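Could you look at this predicted model? Sequence included:
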Amino acid sequence: MSEPGLSAIMSERRQLINLAYRLLGSLADAEDVVQETYARWYSMTADEQRAIENPAAWLTKVASRICLDQLRSARARRERYVGEWIPEPLPESAEWQTGQSGTADPADRVTLDESVNMAFLVVLDAMTPAERVAFILHDVFRYPFPEVAEIVGRTPAACRQLASSARRRIRDAEHPAAPSARRAELVREFKAAWEATDIATLVTLLDPEVTAVADGGGIVAASLEPVHGGTDVAQYFADLPVFRLGRTIVERTVNGQPGLVIQFEGVIETVIAFDIADERITNIWAIRNPEKLNPWQS
(Lines give C-alpha, C1' and ligand atoms only; values in the text may rest on other atoms or scores of the structure.)
Protein backbone atom coordinates (compact mmCIF):
# COMPACT_ATOMS: atom_id res chain seq x y z
CA MET A 1 0.00 0.00 0.00
CA SER A 2 1.48 3.38 -0.99
CA GLU A 3 2.25 6.03 1.60
CA PRO A 4 -0.47 8.73 1.78
CA GLY A 5 0.84 12.01 0.36
CA LEU A 6 0.94 15.15 2.43
CA SER A 7 -1.39 16.99 0.04
CA ALA A 8 -3.96 14.17 0.22
CA ILE A 9 -3.90 14.22 4.01
CA MET A 10 -4.02 18.01 4.31
CA SER A 11 -6.82 18.25 1.73
CA GLU A 12 -9.12 16.82 4.40
CA ARG A 13 -8.57 19.85 6.64
CA ARG A 14 -11.58 21.82 5.46
CA GLN A 15 -13.89 18.82 5.80
CA LEU A 16 -12.62 18.29 9.35
CA ILE A 17 -13.08 21.98 10.26
CA ASN A 18 -16.63 21.87 8.90
CA LEU A 19 -17.40 18.72 10.86
CA ALA A 20 -15.84 19.86 14.14
CA TYR A 21 -17.52 23.28 14.06
CA ARG A 22 -20.95 21.71 13.63
CA LEU A 23 -20.22 19.25 16.42
CA LEU A 24 -18.86 21.82 18.89
CA GLY A 25 -20.33 25.19 17.87
CA SER A 26 -16.90 26.72 18.44
CA LEU A 27 -14.45 27.57 15.71
CA ALA A 28 -11.55 27.83 18.15
CA ASP A 29 -12.33 24.39 19.58
CA ALA A 30 -12.78 23.00 16.06
CA GLU A 31 -9.35 24.24 15.06
CA ASP A 32 -7.85 22.64 18.18
CA VAL A 33 -9.57 19.35 17.34
CA VAL A 34 -8.20 19.35 13.80
CA GLN A 35 -4.71 20.18 15.04
CA GLU A 36 -4.88 17.30 17.54
CA THR A 37 -6.17 14.96 14.82
CA TYR A 38 -3.22 15.72 12.56
CA ALA A 39 -0.83 15.45 15.51
CA ARG A 40 -2.08 11.89 16.09
CA TRP A 41 -1.65 11.05 12.41
CA TYR A 42 1.93 12.28 12.31
CA SER A 43 2.79 10.60 15.61
CA MET A 44 2.40 7.26 13.83
CA THR A 45 5.24 5.58 12.00
CA ALA A 46 5.22 5.47 8.20
CA ASP A 47 4.37 1.77 8.34
CA GLU A 48 1.40 2.48 10.62
CA GLN A 49 0.17 5.19 8.26
CA ARG A 50 0.50 2.92 5.22
CA ALA A 51 -1.50 0.25 7.03
CA ILE A 52 -4.54 2.55 7.19
CA GLU A 53 -6.68 1.71 4.19
CA ASN A 54 -8.65 4.97 4.13
CA PRO A 55 -6.73 7.89 5.71
CA ALA A 56 -9.65 10.32 5.19
CA ALA A 57 -12.02 8.03 7.09
CA TRP A 58 -9.39 7.60 9.82
CA LEU A 59 -9.03 11.37 10.22
CA THR A 60 -12.81 11.80 10.41
CA LYS A 61 -13.15 9.04 12.98
CA VAL A 62 -10.41 10.48 15.19
CA ALA A 63 -11.72 14.06 14.92
CA SER A 64 -15.28 12.93 15.71
CA ARG A 65 -14.15 10.99 18.76
CA ILE A 66 -12.19 13.98 20.06
CA CYS A 67 -15.30 16.12 19.55
CA LEU A 68 -17.43 13.55 21.36
CA ASP A 69 -15.05 13.63 24.33
CA GLN A 70 -15.18 17.44 24.34
CA LEU A 71 -18.97 17.45 24.22
CA ARG A 72 -19.11 15.07 27.17
CA SER A 73 -16.92 17.41 29.23
CA ALA A 74 -18.65 20.56 27.99
CA ARG A 75 -21.36 20.45 30.66
CA ALA A 76 -18.81 20.93 33.44
CA ARG A 77 -17.09 23.70 31.46
CA ARG A 78 -20.42 25.44 30.79
CA GLU A 79 -21.20 25.40 34.51
CA ARG A 80 -18.08 27.50 35.01
CA TYR A 81 -18.89 29.81 32.11
CA VAL A 82 -20.01 33.28 33.17
CA GLY A 83 -23.49 34.01 31.83
CA GLU A 84 -25.10 32.41 28.79
CA TRP A 85 -23.06 30.40 26.25
CA ILE A 86 -23.86 30.99 22.57
CA PRO A 87 -22.13 29.23 19.65
CA GLU A 88 -19.40 31.21 17.92
CA PRO A 89 -20.76 33.31 15.03
CA LEU A 90 -19.31 33.09 11.54
CA PRO A 91 -19.05 35.88 8.93
CA GLU A 92 -19.40 35.44 5.19
CA SER A 93 -16.49 33.45 3.77
CA ALA A 94 -15.26 36.46 1.79
CA GLU A 95 -15.10 38.49 5.01
CA TRP A 96 -13.32 35.82 7.05
CA GLN A 97 -10.33 37.26 8.88
CA THR A 98 -7.71 35.96 11.32
CA GLY A 99 -6.87 38.75 13.71
CA GLN A 100 -4.59 41.28 12.03
CA SER A 101 -2.85 38.85 9.71
CA GLY A 102 -5.31 39.20 6.83
CA THR A 103 -7.60 36.72 5.13
CA ALA A 104 -7.68 33.25 6.61
CA ASP A 105 -6.60 30.11 4.82
CA PRO A 106 -9.60 28.94 2.73
CA ALA A 107 -9.17 25.53 4.38
CA ASP A 108 -10.21 27.09 7.68
CA ARG A 109 -13.48 28.49 6.38
CA VAL A 110 -16.71 26.79 7.32
CA THR A 111 -19.21 26.20 4.54
CA LEU A 112 -22.31 28.24 5.37
CA ASP A 113 -25.58 26.36 5.00
CA GLU A 114 -28.70 25.58 7.04
CA SER A 115 -26.70 23.34 9.38
CA VAL A 116 -24.75 26.31 10.74
CA ASN A 117 -27.44 28.96 11.16
CA MET A 118 -27.56 30.11 14.77
CA ALA A 119 -31.01 28.67 15.53
CA PHE A 120 -29.89 25.25 14.31
CA LEU A 121 -26.68 25.36 16.36
CA VAL A 122 -28.60 26.33 19.50
CA VAL A 123 -30.86 23.29 19.09
CA LEU A 124 -27.81 21.09 18.51
CA ASP A 125 -26.33 22.40 21.74
CA ALA A 126 -29.35 21.12 23.67
CA MET A 127 -28.81 17.55 22.43
CA THR A 128 -26.89 14.84 24.22
CA PRO A 129 -23.34 14.39 22.88
CA ALA A 130 -24.21 11.04 21.27
CA GLU A 131 -27.35 12.47 19.63
CA ARG A 132 -25.43 15.40 18.22
CA VAL A 133 -22.60 13.31 16.82
CA ALA A 134 -24.91 10.65 15.34
CA PHE A 135 -27.16 13.29 13.75
CA ILE A 136 -24.38 15.44 12.28
CA LEU A 137 -22.40 12.49 10.93
CA HIS A 138 -25.43 10.78 9.38
CA ASP A 139 -27.88 13.51 8.43
CA VAL A 140 -25.45 16.30 7.53
CA PHE A 141 -22.33 14.45 6.35
CA ARG A 142 -24.12 11.30 5.13
CA TYR A 143 -22.02 8.74 6.96
CA PRO A 144 -23.73 5.32 7.13
CA PHE A 145 -24.84 4.15 10.55
CA PRO A 146 -22.28 1.31 10.79
CA GLU A 147 -19.50 3.93 10.50
CA VAL A 148 -21.27 6.25 12.94
CA ALA A 149 -21.53 3.34 15.37
CA GLU A 150 -17.77 2.84 15.33
CA ILE A 151 -17.27 6.47 16.31
CA VAL A 152 -20.01 6.76 18.92
CA GLY A 153 -19.39 3.35 20.45
CA ARG A 154 -22.99 2.17 20.06
CA THR A 155 -24.68 -0.30 17.77
CA PRO A 156 -25.90 0.89 14.34
CA ALA A 157 -29.49 0.45 15.57
CA ALA A 158 -28.80 2.59 18.63
CA CYS A 159 -27.21 5.28 16.43
CA ARG A 160 -30.26 5.22 14.19
CA GLN A 161 -32.41 5.89 17.26
CA LEU A 162 -30.08 8.69 18.39
CA ALA A 163 -30.32 10.40 15.00
CA SER A 164 -34.11 9.96 15.01
CA SER A 165 -34.33 11.58 18.45
CA ALA A 166 -32.17 14.45 17.24
CA ARG A 167 -34.42 14.91 14.21
CA ARG A 168 -37.45 15.20 16.49
CA ARG A 169 -35.69 17.94 18.44
CA ILE A 170 -34.99 19.78 15.18
CA ARG A 171 -38.59 19.38 13.98
CA ASP A 172 -40.00 20.59 17.30
CA ALA A 173 -37.92 23.75 17.04
CA GLU A 174 -38.57 24.36 13.35
CA HIS A 175 -41.01 26.84 11.91
CA PRO A 176 -41.76 27.92 8.33
CA ALA A 177 -38.71 29.78 7.02
CA ALA A 178 -39.29 33.37 5.98
CA PRO A 179 -37.93 34.30 2.54
CA SER A 180 -34.37 35.58 2.70
CA ALA A 181 -35.37 39.03 1.44
CA ARG A 182 -38.04 39.33 4.14
CA ARG A 183 -35.61 38.25 6.84
CA ALA A 184 -33.19 40.93 5.73
CA GLU A 185 -36.01 43.49 5.66
CA LEU A 186 -37.08 42.66 9.23
CA VAL A 187 -33.51 42.93 10.49
CA ARG A 188 -33.16 46.27 8.70
CA GLU A 189 -36.40 47.52 10.26
CA PHE A 190 -35.20 46.38 13.69
CA LYS A 191 -31.94 48.29 13.18
CA ALA A 192 -33.77 51.47 12.17
CA ALA A 193 -36.18 51.29 15.12
CA TRP A 194 -33.31 50.59 17.51
CA GLU A 195 -31.31 53.55 16.21
CA ALA A 196 -34.40 55.75 16.61
CA THR A 197 -35.14 54.37 20.10
CA ASP A 198 -38.61 53.63 18.73
CA ILE A 199 -39.86 51.16 21.30
CA ALA A 200 -43.35 50.94 19.80
CA THR A 201 -41.99 49.86 16.42
CA LEU A 202 -39.57 47.43 18.02
CA VAL A 203 -42.47 45.75 19.79
CA THR A 204 -44.31 45.28 16.48
CA LEU A 205 -41.26 43.56 15.00
CA LEU A 206 -40.83 41.17 17.91
CA ASP A 207 -42.80 38.03 18.65
CA PRO A 208 -44.64 38.43 21.98
CA GLU A 209 -42.63 35.43 23.28
CA VAL A 210 -39.29 36.60 21.89
CA THR A 211 -36.12 35.77 23.82
CA ALA A 212 -32.89 37.79 23.74
CA VAL A 213 -29.66 36.18 24.94
CA ALA A 214 -26.24 37.81 25.33
CA ASP A 215 -22.85 36.13 25.68
CA GLY A 216 -20.02 38.14 27.22
CA GLY A 217 -18.19 35.20 28.73
CA GLY A 218 -17.39 37.22 31.84
CA ILE A 219 -14.92 39.24 29.75
CA VAL A 220 -17.18 42.12 28.67
CA ALA A 221 -20.47 43.45 30.00
CA ALA A 222 -23.52 41.41 28.99
CA SER A 223 -26.82 40.41 30.56
CA LEU A 224 -26.27 37.23 32.54
CA GLU A 225 -29.85 36.09 32.07
CA PRO A 226 -32.05 35.89 28.95
CA VAL A 227 -34.63 38.63 28.46
CA HIS A 228 -38.13 37.41 27.57
CA GLY A 229 -41.20 39.04 26.01
CA GLY A 230 -41.64 41.61 23.28
CA THR A 231 -42.05 44.65 25.52
CA ASP A 232 -39.15 43.76 27.81
CA VAL A 233 -36.80 42.95 24.92
CA ALA A 234 -37.71 46.19 23.12
CA GLN A 235 -37.07 48.20 26.29
CA TYR A 236 -33.82 46.32 26.91
CA PHE A 237 -32.41 47.23 23.50
CA ALA A 238 -33.67 50.81 23.75
CA ASP A 239 -31.85 51.20 27.07
CA LEU A 240 -28.50 49.91 25.81
CA PRO A 241 -25.95 52.78 25.66
CA VAL A 242 -24.74 51.76 22.21
CA PHE A 243 -25.20 55.07 20.47
CA ARG A 244 -24.30 57.25 23.45
CA LEU A 245 -20.94 55.48 23.42
CA GLY A 246 -20.34 56.30 19.75
CA ARG A 247 -20.94 52.81 18.39
CA THR A 248 -22.42 52.11 14.95
CA ILE A 249 -24.60 49.23 13.76
CA VAL A 250 -23.96 47.59 10.41
CA GLU A 251 -25.93 44.91 8.56
CA ARG A 252 -23.86 41.76 8.06
CA THR A 253 -24.46 38.11 7.32
CA VAL A 254 -24.17 35.96 10.45
CA ASN A 255 -23.91 32.19 9.93
CA GLY A 256 -25.49 32.57 6.53
CA GLN A 257 -28.45 34.65 7.76
CA PRO A 258 -29.13 38.42 7.92
CA GLY A 259 -27.70 39.88 11.12
CA LEU A 260 -26.12 42.94 12.66
CA VAL A 261 -22.76 43.90 14.12
CA ILE A 262 -21.89 46.69 16.53
CA GLN A 263 -18.52 48.25 15.84
CA PHE A 264 -16.32 51.00 17.24
CA GLU A 265 -13.38 52.49 15.38
CA GLY A 266 -13.24 49.52 13.03
CA VAL A 267 -13.41 46.90 15.76
CA ILE A 268 -16.46 44.63 15.91
CA GLU A 269 -17.59 44.38 19.52
CA THR A 270 -20.89 42.49 19.14
CA VAL A 271 -22.36 40.13 16.55
CA ILE A 272 -26.14 39.73 16.61
CA ALA A 273 -28.01 36.79 15.06
CA PHE A 274 -31.78 36.52 14.65
CA ASP A 275 -34.40 33.83 14.26
CA ILE A 276 -37.61 34.78 12.51
CA ALA A 277 -41.02 33.10 12.25
CA ASP A 278 -44.41 34.33 11.06
CA GLU A 279 -43.07 37.77 10.17
CA ARG A 280 -41.73 38.35 13.70
CA ILE A 281 -38.35 38.06 15.37
CA THR A 282 -38.50 35.13 17.78
CA ASN A 283 -34.92 34.94 19.05
CA ILE A 284 -31.99 37.33 19.28
CA TRP A 285 -28.47 36.16 20.12
CA ALA A 286 -25.83 38.79 20.87
CA ILE A 287 -22.28 37.44 21.00
CA ARG A 288 -19.93 39.85 22.80
CA ASN A 289 -17.22 37.54 24.09
CA PRO A 290 -14.16 38.84 22.17
CA GLU A 291 -12.63 35.36 22.13
CA LYS A 292 -15.50 34.32 19.84
CA LEU A 293 -15.12 37.23 17.41
CA ASN A 294 -11.62 36.72 16.00
CA PRO A 295 -12.78 35.78 12.46
CA TRP A 296 -14.66 39.10 12.30
CA GLN A 297 -11.77 41.44 12.99
CA SER A 298 -9.94 43.08 10.09
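Nice, thanks for sending it over.

In its sheet, which strands sit next to the helix or strand harbouring I249, and in what direction?
Assigned by DSSP states H and E, I249 belongs to strand 248-254. If you go by DSSP bridges, strand 248-254 pairs up with strand 257-264 (antiparallel).

Can you give the contact residues for stretch 248-267?
Where contact means Cβ atoms under 8 Å, 6 or more residues apart in numbering, the residues beyond stretch 248-267 that reach it are 89-92, 95, 112-114, 116-118, 121, 180, 183-184, 186-188, 190-191, 194-195, 242, 245-247, 268-274, 296-298. Heads up, the C-betas are built off the backbone N, CA and C, glycines and all.

what about that stretch, distance to the chain center?
Distance of stretch 248-267 from the chain centroid (Cα atoms, centre = their mean, to the nearest Å) equals 16 Å.

Let me see the ranges of the strands in the stretch 151-298 of the chain.
For the stretch 151-298 of the chain, the strands defined by DSSP state E, counting those that start in this stretch cover 206-215, 227-228, 248-254, 257-264, 267-277, 280-287.

just checking, what packs against the shortest one?
Using 3 or more Cβ pairs under 8 Å, 6 or more residues apart in numbering; DSSP states H and E as the contact definition, the elements that strand 227-228 packs against are strand 206-215.

let's see it at 6 Å
Using 3 or more Cβ pairs under 6 Å, 6 or more residues apart in numbering; DSSP states H and E, no helix or strand is in contact with strand 227-228.

So in that sheet, which strands flank it, and in what orientation?
If you go by DSSP bridges, strand 227-228 pairs up with strand 206-215 (antiparallel).

sorry, back to before: among the contacts of stretch 248-267, which ones are buried?
If you count burial by 16 or more other Cβ atoms under 10 Å, the buried members of those come out as 89-91, 112, 116-118, 121, 183-184, 186-187, 190, 194, 242, 247, 268-274, 296.

Now do the helices in the stretch 1-150 of the chain.
6-10, 13-24, 27-42, 46-50, 55-80, 118-125, 129-135, 145-152 (DSSP state H, counting those that start in this stretch).

can you tell me which of the ones you listed comes nearest to G217?
helix 55-80 (10.9 Å; Cβ to Cβ).

And this protein, what are its domain boundaries?
Residue ranges for each domain of the chain read 6-171, 180-296, as given by automatic domain parsing.

just to revisit the earlier point, single out the most deeply packed of the helices of the stretch 1-150 of the chain.
helix 129-135 (a mean of 24; mean count of other Cβ atoms under 10 Å).

what sits up against that helix?
68, 71-72, 124, 148, 152, 159, 162-163, 165-166 (Cβ atoms under 6 Å, 6 or more residues apart in numbering).

what's the farthest-apart pair in those?
Top of the distance list for the contacts of helix 129-135 (Cβ to Cβ): R72 and A163, 18.0 Å.

I'm done for today, thanks for sticking with me.
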